[in-house]
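*Asks:* need a structure here:
(2 chains, ligands or ions: 1)
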Amino acid sequence: MNDMTPTREQRTAALEGLGCKRKRVEDIRFTQGKGNYVDDVKLPGMLHGDFVRSPHAHARVKSIDDSEALKVPGVLAVITAETLKTVNLAWMPTLAGDVQMVLADGKVLFQNQEVAFVVATDRYAADDGINKVKVEYEPLPPLIDPFKAMDADAPVLREDLAGKTTGAHGPRKHHNHIFEWTVGDKELTDAAFKKAEVTIKEMISYHRTHPSPLETCQCVCSFDKIKGELTIWGTFQAPHVIRTVVALIAKLPEQKIHVISPDIGGGFGNKVGAYPGYICAAVASIVTGKPVKWVEDRIENLTATSFARDYHMTTEIAATKQGKVTGLRVHVLADHGAFDACADPSKWPAGFFNIVTGSYDFPTAHLAVDGIYTNKAPGGVAYRCSFRVTEAAYCIERAMDILAQKLGMDPAELRLKNFIRPEQFPYHSALGWEYDSGDYGTAMRKAMETVKYAELRKEQEALRAAFKRGETREIMGIGVSFFTEIVGAGPSKNCDILGIAMFDSCEIRMHPTGAGIARMGTKSQGQGHETTWAQIIATEIGIPADNIMVEEGNTDTAPYGLGTYGSRSTPVAGAAIAMAARKIKAKAQMIAAYKLEVHEDDLEWDIDGFRVKGLPEKFMSMKDICWAAYNSVPPGMEPGLEAVSYYDPPNMTYPFGAYICVMTIDVDTGVYKVRRFYALDDCGTRINPMIIEGQVHGGLTEAFAIAMGQEIRYDAEGNVVTGSFMDFFMPTAVETPHWETDFTVTPSPHHPIGAKGVGESPNVGGVPAFSNAVNDAFSFLGSTHIQMPHDFWRNWQAAKNLGVFEAA
Amino acid sequence: MIPGPFSYHRPATVADAVKLLSTLGDEARPLAGGHSLVPMMKLRLATPEHLVDLHGVAGLKGIRRDGGKVVIGAMTTQHELLASDEIAKSIPILQETALLIADPQVRYRGTIGGNIANGDPGNDMPALMMTLGATYRLEGPQGGREVAAADFYQGAYFTAIEPGELVTAISIAVPPAGHGHAYEKLKRKVGDYATAAAAVILTMSGGKVATCTVGLTNLSETPLLADAAAKAVIGTSLDPATLKKAAAAAEAIMVPAADARGPVEYRKHVGGIMVMRALQRAAAKAA
Ligand SMILES: Cc1cc2nc3c(=O)[nH]c(=O)nc-3n(C[C@H](O)[C@H](O)[C@H](O)COP(=O)(O)OP(=O)(O)OC[C@H]3O[C@@H](n4cnc5c(N)ncnc54)[C@H](O)[C@@H]3O)c2cc1C
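*Replies:* Numbers count the residues shown, from 1 in each chain, chains lettered A, B, ... in the order given. From the prediction side, this is the model:
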């Protein structure tokens, strides 16, 4: 071989495949302001729609007078529920099996609910029109506190459900009750508690917050009367699902609906569901024959489109004196707002909350979830987490700390003692999941060693003594969190949305020159799919990632898929990509065998092509095979080189991680400082370590925001008091702590490349780490649990409640 | 978040601006940096029919020394305050405070005139101006007049400005050499208004406080001068008991609103803490 022949390492590196810190290809356009978002879609004659919204949380709508609005220059139409009734669209089905008003029909059920849709020639005119629509309301008593929802005298919110004793998920116990969902063995669990040497019980709330992506929800709908076709550009995380939903509710033939998700500026669960804006823009386009754009503003996004969490979890653990857990009992009061518009797989009204046994070997557990209506915005989406998994992780991680405190044990020690052991995998949890793989002890110990955990505890002890002597006003907390995620929804045996199994898909077409295009049913919102998907293909078929174009988001060209959320893209579509690539490789092998004049079995794969076993100089590169696929395939074989795969995963994947947070709090002001945050993630095979790190940074920043202040708060009248970025905590680079990331690798045994999801892990594991740090800081003053969010004034309040200012 | 319709005017002189404002009446508003006014217009909390943009008006910008005073043109931006050597030398607390206002983008546009004329209790400059004993130069249809900052604020968004009047300049007597100063502001994040803030200017003599002024931001409908708190520290070396007394005296005049920053009790408590910290830091800086 001469010097010019690339080495095997060079050939591998040239592919930029699995494990390569490949730079994100999409960033070239994003960093130059050349992305193409929904609001960049500008069509000739396009109109703009905007909503009249309710100032009340609960009121009867007596009348709507649009006469003055219609006089505003540029205003063309005002659509109300009465208009929508003529096309049978005043209400729409939700993903959770409920129905939701598109526009207020007789009453309003939350502040900023959509009441009328004003269509005008530009956004200014639409807004002027809004201010001229006169709506007469008769206020009704609002129901804000979820704990009062099922009182006998609680106001009736959903008059449309009068007399309905059964909902989509079984019997309803009360006029404001949506469902009760139970899992696990009640008798066995009750028995474990009866026998228990030690028990703890705490009501652990996860407050209402919001995914608040930078780009709000928006769409452009364009109906072509001649062809009878509707094209929708929208910020959709799941474009195919939107197409099917539109076909079902608008009764349009599905082939005549074109859904396009262009670049998306963040989703985090906010863009999974269907919103009144989409329906109204579509109806307005059908009525006017013109394209209609609807773009939410920030206040509308925070107050009206899907919130997250609002879970109130009464949690009990039974254990031995030595700290071995023997039972878990959880009751959740789930506040779903005015309509049940959760975006969960259809049969899972509380998502995968039954992952609440966490990383621990609970012999028995029982869970009951009651979903209820209140006068708040609908939603309950998975804000950067798999369905209700953040809630579950927070619940168990907080409860384990409370148990450790009661036992007088170190919280990390207690976790180590109760971990599911490596030899127990695949592990069947008491609440019904089969954990695919894990090595928890190794991860936990690595985290503890890296941060020098024992020394931190000693430092904390000294600081506490100094505080008690009055020498400092600072307290220190060490927050430990060990989470197990459940991602990759999901196997058709237990996951569907509106009856469609939650598979995902990939189609790859190789071009003659050794390049190709790959399309998936997923949709990136910033995760970097264009980069990582090409890397999987690069390693599988030996074509440089740079030669593979990845395209998502157009339902006309992409194979059907269920979209991107719940960290499902890599576990499901990532597997489909590998499987489609393997089909390509199998055909390529036949072509190579024909060209090299050997039997297929005499070939072996070698990085970027096939080599004849034992004859190293007889080699055909994948690039050359692509060319051959278009001119000299074996007799009887069809030309071309392409493949489609629809992947129905056999199981979920179970990423995990160990996070440690060190924090100090000034008791006089409640101001906290995150001194250190260490995050170890195990997401199995690492496709692009740089993107993983970026995902972890982003998720931790969200977790930090949520735990330390990010909240959708209502006052007693049902007014949102945190409806803009002035009050809804969106940390800037200045507030955001420094993140230290680390990893272990435990590949998924059932995934074609061993990968698990990672995008959501940091949000799931981060929130309990922060909250545990705050709680740990205060624990020596006698507190067991302080509710989130831990913003400055609440920290001060906690200090005050613990008597810190009495002695002083 | 789309403003209502308005007409736009761009006068070239103070006289023209005053004339426009007085003839257009109540529905006209001066526009400076727009970083308080435009957000309110987007929320339609303000719906002026006419905006009189002051950016074309000659002579409203700049910082100059005038004997024992520094005179600052109303249209001088926060950024220009931060970039000024004169301010750094003679009134450093002005830079400390300006740096705590929002972020660079806001400071490039936002003006000192807009900040003090706005009348928002959350603005940081008004309490500082009171603490520094500043006076504002107003020009109106009836001619010019000077109003002390301490007499300017009457309620939330209510000031001594009469219809048709403009603030053209702010003049501040340079504090004595060796003075100590501090602006302590508690906020939730960059870009947030104060949960509570305190401005302190003091002089020390023989280890004891000789003179002292204390101003408070966002702890009432208007900025406040905490005279009793200032008096409580005169002649002391700011021992813990004195600091507590000063904080208590300041808290006694605070009437903050409960909002997402916290309940009234918290805002008063941290108001007191800000006073103590500002006093200590100012004393440490004093010569
Ligand atoms: C995100 C954000 C955060 C902020 N945080 C802070 C903060 O922490 N602290 C703080 O102090 N400020 C803060 N501000 C406000 C900022 O400092 C504004 O720039 C300032 O309050 C107003 O100055 P302006 O030049 O932008 O005035 P404008 O917004 O143009 O005007 C404000 C008001 O004053 C009137 N006005 C303006 N100039 C004159 C004049 N010469 N004579 C008479 N009336 C006049 C206007 O008619 C209007 O009513 C923040 C702003 C933003 C957007």
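*Asks:* neighbours of the residue in the stretch 101-250 of chain B positioned nearest to chain A, how many?
*Replies:* Residue of the stretch 101-250 of chain B nearest chain A, by Cβ to the nearest Cβ: residue B:190 (4.7 Å). Using the backbone N, CA and C atoms, a C-beta is placed for each residue, glycine as well. Neighbour count of residue B:190, defined by other Cβ atoms under 10 Å in any protein chain shown: 13.
*Asks:* for residue B:287, same thing?
*Replies:* 9.
*Asks:* need the residues that contact the helix or strand hosting residue A:246.
*Replies:* Element membership of residue A:246 [criterion: DSSP states H and E] is helix A:239-250. Helix A:239-250 has contacts (Cβ atoms under 8 Å, 6 or more residues apart in numbering or on different chains) with A:89, A:92-93, A:230, A:232, A:234, A:236, A:252-254, A:257-261, A:274, A:278-279, A:282, A:497-498, A:500, A:521, A:523, A:553-555, A:558, A:560-563.
*Asks:* next up, the contacts around residue A:115.
*Replies:* So residue A:115 contacts A:51-54, A:61, A:64, A:80, A:103-104, A:108, A:133, A:135 (Cβ under 8 Å, 6+ apart).
*Asks:* follow-up on the earlier one: among the contacts of helix A:239-250, which are located in helices?
*Replies:* A:278-279, A:282 (DSSP state H).
*Asks:* as a markdown table, the residues you listed with pLDDT, neighbour count and distance to residue A:389 would be great.
*Replies:* Formatted as a markdown table, the ones in helices among the contacts of helix A:239-250 follow (pLDDT from 0 to 100; neighbours: other Cβ atoms under 10 Å in any protein chain shown; distance: Cβ to Cβ, whole Å):
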| residue | pLDDT | neighbour count | distance to residue A:389 |
| --- | --- | --- | --- |
| A:278 | 96 | 24 | 27 |
| A:279 | 95 | 29 | 30 |
| A:282 | 96 | 25 | 33 |
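*Asks:* of those residues, just say which sits nearest to chain B.
*Replies:* residue A:278 (20.2 Å).
*Asks:* show me the domain layout of the chain.
*Replies:* This is for chain A. Domain ranges of chain A: A:8-35+A:504-647, A:38-140+A:217-264+A:271-289, A:307-489+A:652-807, per automatic domain parsing.
*Asks:* please refer instead to chain B.
*Replies:* B:7-56, B:63-173, B:180-285.
*Asks:* what's the model's confidence in the first one, averaged?
*Replies:* Spelled out, that is domain B:7-56. Over the span of domain B:7-56, the pLDDT mean works out to 96.
*Asks:* kindly report the same for the second one.
*Replies:* For domain B:63-173, mean pLDDT is 97.
*Asks:* and it, end to end?
*Replies:* 13 Å (Cα to Cα, to the nearest Å).
*Asks:* what's the local residue count around the residue in the stretch 151-287 of chain B that the ligand sits nearest to?
*Replies:* The ligand sits closest to residue B:167 of the stretch 151-287 of chain B, with a gap of 3.7 Å, by Cβ to the nearest ligand atom. Applying other Cβ under 10 Å, we find 26 residues neighbouring residue B:167.
*Asks:* so what's it up against?
*Replies:* B:74, B:113, B:116-117, B:136-138, B:161.
*Asks:* SS state for it?
*Replies:* Under DSSP: H, G, I helix; E, B strand; the rest coil, the three-state class of residue B:167 is strand.
*Asks:* roughly how far does it sit from residue B:53?
*Replies:* 15 Å (Cβ to Cβ, to the nearest Å).
*Asks:* quick one: the strands in the stretch 151-287 of chain B?
*Replies:* B:153-155, B:158-159, B:166-173, B:180-186, B:196-205, B:208-217, B:224-225 (DSSP state E, counting those that start in this stretch).
*Asks:* pick the most deeply packed of the domains of chain B.
*Replies:* Greatest average neighbour count among the domains of chain B goes to domain B:180-285 (a mean of 21), per mean count of other Cβ atoms under 10 Å in any protein chain shown.
*Asks:* what about it, average pLDDT?
*Replies:* Mean predicted lDDT for domain B:180-285 stands at 97.
*Asks:* returning to that earlier point: what is the nearest of the ones in helices among the contacts of helix A:239-250 to residue A:692?
*Replies:* residue A:278 (33.0 Å; Cβ to Cβ).
*Asks:* for that closest one, give its distance to residue A:535.
*Replies:* Taken as Cβ to Cβ, the span from residue A:278 to residue A:535 is 34 Å.
*Asks:* got it, and residue A:228?
*Replies:* Taken as Cβ to Cβ, the span from residue A:228 to residue A:535 is 41 Å.
*Asks:* and those two? Which one has more around it.
*Replies:* Neighbour count, other Cβ under 10 Å: between residue A:228 and residue A:535, residue A:535 has more, with 25 against 10.
*Asks:* how about the spatially most central residue of chain B, what does it touch?
*Replies:* Centroid check for chain B by Cα atoms, centre = their mean gives residue B:125 as the closest residue, at 1.7 Å. Shown in contact with residue B:125 (Cβ under 8 Å, 6+ apart): B:97-98, B:101, B:112, B:115-116.
*Asks:* give me the residue at the spatial middle of chain A.
*Replies:* Centre-nearest of chain A using Cα atoms, centre = their mean is residue A:384, 3.2 Å out.
*Asks:* neighbours of whichever residue of chain A sits closest to chain B, how many?
*Replies:* Nearest residue of chain A to chain B, counting by Cβ to the nearest Cβ: residue A:793, 3.1 Å away. A count of nearby residues for residue A:793, using other Cβ under 10 Å, gives 22.
*Asks:* again, but for residue A:138
*Replies:* Neighbours of residue A:138 (other Cβ under 10 Å): 10.
*Asks:* shouldn't it be in contact with residue A:63?
*Replies:* No. Between residue A:138 and residue A:63 there is no contact under Cβ atoms under 8 Å: 10.2 Å.
*Asks:* need phi/psi at the residue in the stretch 201-350 of chain A that the ligand sits nearest to.
*Replies:* As assessed by Cβ to the nearest ligand atom, the ligand sits closest to residue A:298 within the stretch 201-350 of chain A, at 12.4 Å. Dihedral angles of residue A:298 (phi, psi; degrees, to the nearest 10) stand at phi -60, psi -40.
*Asks:* what sits against residue A:127?
*Replies:* Taking Cβ under 8 Å, 6+ apart as the test, what residue A:127 contacts is A:50, B:2, B:4.
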